[in-house]
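Asks: coordinates for the following, if possible.
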Amino acid sequence: FCAETESWATYADKIASEGAIVEALVQEPGTLSPSVQLRVGPHSEIDVLSTHDQILGGPDDQVYLGCRFPARPHYRKAIRDAAVEVASLLAERGVIGPFGIDFVIPPGNGQPEVFMSEINLRMGGTTHPMIMARNLTRGRYDAVSDELIADNRPVHYVSSDNIKSAAYIGMSPQQAIGAIDRAGLAFDPLTNTGATLHLLGALHAHGKLGSLCIAASPAQAQDLYDSVIQALDDA
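Replies: Predicted coordinates:
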């Protein structure tokens, strides 16, 4: 059990009183958890807003730490199609507005197996990075390729709202921004690449902040994110 207050003894009592649903636990090494963000309009029209690979951590990888955009090409269409099917059922039941659907993809070289994990009827952790990336790059979301296109090129990013270290406690937002700027990592609107920082209100007291790292490829976005962490560590 991930929750310290839960045990088989307490759980068995809940099963006896409430019943239970049996689910498959997919926990093979290399298992991934992508997500799809959608919106249902007032006339039941469905829009796909984005696909992401979630970055997970904590006990048994149950804690959301950040995301990579877009989801991997190997299963991007599969999760999109599955999400639209689920969204159609939700629309029939009167759901209106934005929401996210999380999936689990076990490792494999063939056709991906897509298991639905959960539905979040709200904006989620991937909402802010997509809105910021779209506004910064002046890009448009291509619903066919599931890519954010800016200056006729696809945009990739890595984002986290859970960058934290005891060493950051006492650091001011100005110090963090200055460290990114001096390292040459700050977002450049001319190239549509670089890093921005957010959640800076939690930095001084809790040593926690977030970052959005935009680049021309997944590898470059990850390298930029790693460089941001290094710059903060060196500040």
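
Asks: apart from its neighbours in sequence, what residue is nearest the residue nearest the centre of the chain?
Replies: In the chain, the residue lying closest to the centroid (Cα atoms, centre = their mean) is Cys67, at 3.1 Å. Spatial nearest neighbour of Cys67, chain neighbours left out: His52 (4.2 Å); criterion: Cβ to Cβ, 6 or more residues apart in numbering. The C-beta positions use only the backbone N, C-alpha and C, and glycine is treated the same way.

Asks: doesn't that neighbour belong to a helix?
Replies: No: counting by DSSP: H, G, I helix; E, B strand; the rest coil, one finds His52 to be strand, located in no helix.

Asks: mind checking the pLDDT average for the helix or strand hosting Gly100?
Replies: In this assignment (DSSP states H and E), Gly100 forms part of strand 97-104. On average, the pLDDT along strand 97-104 is 96.

Asks: and the helices in this structure?
Replies: Secondary structure of the chain (DSSP state H): helices at 8-18, 73-92, 127-137, 173-182, 203-206, 218-234.

Asks: hey, which of the ones you listed is tucked in deepest?
Replies: helix 127-137 (a mean of 18; mean count of other Cβ atoms under 10 Å).

Asks: list of residues touching that helix?
Replies: Contacting residues not belonging to helix 127-137 are listed as 37, 49-50, 67, 69, 98, 100, 139-141, 148, 150-151, 155, 157, 159, 161, 187, 189, 192, 196, 198, 212, 214 [Cβ atoms under 8 Å, 6 or more residues apart in numbering].

Asks: could you rerun that using 7 Å?
Replies: 37, 49-50, 67, 69, 141, 148, 150, 155, 157, 159, 187, 192, 196, 212, 214 (Cβ atoms under 7 Å, 6 or more residues apart in numbering).

Asks: partners of the residue nearest to Cys67 in the sheet?
Replies: Ser35 (DSSP bridges).

Asks: wait, isn't it in contact with Phe69?
Replies: Yes: with contact defined as Cβ atoms under 7 Å, His52 counts as touching Phe69 (5.2 Å).

Asks: one step back: report the buried members of the contacts of helix 127-137.
Replies: With neighbours counted using 16 or more other Cβ atoms under 10 Å, the contacts of helix 127-137 contain these buried positions: 37, 49-50, 67, 69, 141, 148, 150, 155, 157, 159, 187, 192, 196, 212, 214.

Asks: gap between the residue nearest to the centre of the chain and Val48?
Replies: 16 Å (Cβ to Cβ, to the nearest Å).

Asks: same question, Ser159
Replies: 19 Å.

Asks: got it, and His156?
Replies: 18 Å.

Asks: and if you look at Asp102?
Replies: For Asp102 relative to Val48 (Cβ to Cβ), the value is 15 Å.

Asks: equivalent analysis for Pro34, please.
Replies: 13 Å.

Asks: how about Gly201?
Replies: 32 Å.

Asks: would JSON lines of the helices of the chain with mean pLDDT be doable?
Replies: Converted to JSON lines, these look like this (pLDDT from 0 to 100):
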{"stretch": "helix 8-18", "mean pLDDT": "92"}
{"stretch": "helix 73-92", "mean pLDDT": "96"}
{"stretch": "helix 127-137", "mean pLDDT": "96"}
{"stretch": "helix 173-182", "mean pLDDT": "98"}
{"stretch": "helix 203-206", "mean pLDDT": "98"}
{"stretch": "helix 218-234", "mean pLDDT": "98"}
